[in-house]
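Visitor: here is the input, now give the coordinates:
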Amino acid sequence: METCADVLMVIDLQNGVCYDNGEYLFDLQNLLTKVNSRISLYRQSHKPIIFVQHCDETLVPEGEQWAIHTNLDVQEQDFIIQKTHANSFYHTNLKNLLDQLAVHRIEFCGAQTEYCMDATIKFAHGLGYENVMVQKATSTFNNPLLSAKETIDFYENIWDRRFLNILK
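Guide: Here you go, the predicted model:
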């Protein structure tokens with residue numbers, strides 16, 4: 001059986017993040033499949049899953065854009081963290097929840113690579129967590145400087161063996 005961390009954290013895979021301004025996150029269907037595969041593994045291993053939802057003027061709580069993508073396997077026993085900043089720890093109860101769950105090792109997946117994923121991964125590293133992520137378990141959009149694929153590759157290269165370990 002594949003290895004699990006103490007917890008799986010799924011960041012911002014919400015309708016309004018997965019689809020924005022007429023564009024889908026890069027390789028969205030493969031990302032959702034990969035994330036659901038990890039969710040299934042964590043459920044089989046009886047490990048907790050935390051879904052993080054961003055809240056702002058376009059991702060209004062309880063609204064359709066704010067909702068977690070319908071293709072993801074969210075269940076009643078899962079934990080939900082709502083945030084208003086790229087860093088999932090900033091002004092949330094995430095650290096307290098991780099302490100209650102006795103978490104030392106976090107597996108990350110979600111969106112957007114260069115924003116909420118990057119801020120949260122680096123902050124978790126700074127707090128002393130051992131972080132892991134399956135390769136290509138994050139996504140983003142093209143930007144004026146880099147394609148989404150180039151952005152993902154760039155950040156995975158920065159993160160690997162510095163801020164987390166990429167599981168291939």
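Visitor: for the chain, what helix or strand is lowest in average pLDDT?
Guide: Lowest on mean pLDDT, DSSP states H and E among the helices and strands of the chain sits strand 19-20, with a mean of 90.
Visitor: gap between it and the chain center?
Guide: Offset of strand 19-20 from its chain centre (Cα atoms, centre = their mean, to the nearest Å): 16 Å.
Visitor: go on, stretch 4-20?
Guide: On Cα atoms, centre = their mean, the centre of stretch 4-20 falls 4 Å from that of its chain.
Visitor: state which helix of the protein is the longest.
Guide: For the chain, the longest helix by residue count, based on DSSP state H, is helix 28-44.
Visitor: residues in contact with that one?
Guide: 1-2, 4, 7-8, 10, 13, 18, 25, 48-49, 69, 71-73, 75, 107, 109-111, 134, 136-139 (Cβ atoms under 8 Å, 6 or more residues apart in numbering). (C-beta placed from N, C-alpha, C; glycine too.)
Visitor: and after it, which helix or strand comes next?
Guide: Where DSSP states H and E defines the elements, the next helix or strand beyond helix 28-44 is strand 49-54.
Visitor: pLDDT on the next helix-or-strand element following that next one, on average?
Guide: Sequence order places strand 79-83 as the next helix or strand after strand 49-54, per DSSP H and E. Taken as a whole, strand 79-83 has an average pLDDT of 98.
Visitor: CA atoms only: put strand 79-83 into PDB for me.
Guide: Only the C-alpha atoms of strand 79-83 are listed here, as PDB (Å, rounded to 0.1, in the frame of the first residue of the first chain):
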ATOM      1  CA  PHE A  79     -12.500  18.800   8.200                       C
ATOM      2  CA  ILE A  80     -13.200  22.100   6.600                       C
ATOM      3  CA  ILE A  81     -11.000  25.200   7.000                       C
ATOM      4  CA  GLN A  82     -12.200  28.600   5.600                       C
ATOM      5  CA  LYS A  83      -9.600  31.200   4.900                       C
END
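Visitor: you'd agree residue 114 is in a helix?
Guide: Yes. Assessed with DSSP: H, G, I helix; E, B strand; the rest coil, residue 114 lies in a helix.
Visitor: what about it, distance to residue 47?
Guide: Separation of residue 114 from residue 47 (Cβ to Cβ, to the nearest Å): 28 Å.
Visitor: neighbour count winner among the two?
Guide: Between residue 114 and residue 47, counted using other Cβ atoms under 10 Å, the more crowded position is residue 114 (19 against 16).
Visitor: residues contacting the more buried one?
Guide: Residue 114 makes contacts with 140, 143, 151, 155, as judged by Cβ under 8 Å, 6+ apart.
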